[in-house]
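Enquirer: pasting a predicted model and its sequence here:
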Amino acid sequence: QVQLQESGPGLVKPSETLSLTCTVSGGSISNYYWSWIRQPAGKGLEWIGHVYTSGGTNYNPSLKSRVTMSIDTSKNQFSLNLSSVTAADTAVYYCARFYGAMTTYFDLWGRGTLVTVSP
Amino acid sequence: DIVMTQSPDSLAVSLGERATINCRSSQSVLYSSNNKNYLAWYQQKPGQPPKLLIYWASTRESGVPDRFSGSGSGTDFTLTISSLQAEDVAVYFCQQYYSTMYTFGQGTKLEIK
């Protein structure tokens, strides 16, 4: 079955850029919307944004100035860049898929990767 | 943004008893053109990602036990577990997808009494 796996540095210094990649295995990345969602320890879920297989994007307005998402259909991967990070960006970052060819609910999630922002 | 507020923040229920979790949206998530409520429920166990339970407010995801049910419309929604099992201990989140600024409730922690 389709699986998602996040990868990237677990430690990022303040003011630097957080970069994560999500690899889609067991199925095609095409014709879906792919999201990044984060969760600080012991807290709730925050949608960061999504990217479509065409490369079109939609970002959370509160993060829009710092977020860039991209997709590489040849590698079945999509990526997140979050610039100028601070301690407030420390969280578990999940990649997730919107169900079907719509932006509705999330039917598939990666296991998540913890990113800590610290000097 | 549509703010999602869950109640209670935590809940302790005896095994075999009913558990009820509420979710209220700051504006209606009922889309009049198709009469669908744009609301989902997720279950998150410790150290795991969220798992989709319910979508369109009341449609159970494939493989989800039928003791889980969703109800409500407009701004007020409920997730009910009819007979609590030990494996249901988790944090539960609601999510609205009416707005393209997707938002979640703060979560409700469900424990065994």
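Expert: Great, that's in hand.

Enquirer: contact partners of stretch B:12-25?
Expert: B:2-8, B:11, B:39, B:41, B:72, B:75-86, B:88, B:92, B:94, B:96, B:98, B:105, B:108, B:110-113 (Cβ atoms under 8 Å, 6 or more residues apart in numbering or on different chains). C-beta here means a position set from N, CA and C on the backbone, and glycine is covered the same way.

Enquirer: filter these down to the buried ones, ChimeraX style.
Expert: Buried members of the contacts of stretch B:12-25, defined by 16 or more other Cβ atoms under 10 Å in any protein chain shown, are picked up in ChimeraX with:
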select /B:2,4,6,11,39,41,72,75,77,78,79,81,84,88,92,94,96,98,105,108,110
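
Enquirer: contacts only, for B:Leu53.
Expert: Per Cβ under 8 Å, 6+ apart, neighbours of B:Leu53: B:Ala40, B:Trp41, B:Tyr42, B:Gln43, B:Arg60, B:Glu61, B:Val64, B:Phe68, B:Gly70, B:Leu79, B:Tyr92.

Enquirer: using TSV, please lay out the residues you listed together with secondary structure.
Expert: Below are the contacts of B:Leu53 laid out as TSV (DSSP: H, G, I helix; E, B strand; the rest coil):
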residue	secondary structure
B:Ala40	strand
B:Trp41	strand
B:Tyr42	strand
B:Gln43	strand
B:Arg60	strand
B:Glu61	coil
B:Val64	coil
B:Phe68	strand
B:Gly70	strand
B:Leu79	strand
B:Tyr92	strand
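
Enquirer: of the residues you listed, list those near chain A.
Expert: B:Ala40, B:Tyr42, B:Glu61 (Cβ under 8 Å from any Cβ of the partner chain).

Enquirer: just the residues you listed now: which is nearest B:Val29?
Expert: B:Ala40 (10.2 Å; Cβ to Cβ).

Enquirer: check what pLDDT the closest one gets.
Expert: We have a pLDDT of 98 for B:Ala40.

Enquirer: spatially nearest residue to it, not counting backbone neighbours?
Expert: In this structure, B:Ala40 finds its nearest non-sequential neighbour in A:Tyr105, 3.8 Å apart by Cβ to Cβ, 6 or more residues apart in numbering or on different chains.

Enquirer: and the one you found, how far is that from B:Thr20?
Expert: Remark: distance between A:Tyr105 and B:Thr20 (Cβ to Cβ, to the nearest Å) = 21 Å.

Enquirer: over to B:Ser82?
Expert: B:Ser82 sits 10 Å away from B:Thr20 when distances are taken as Cβ to Cβ.
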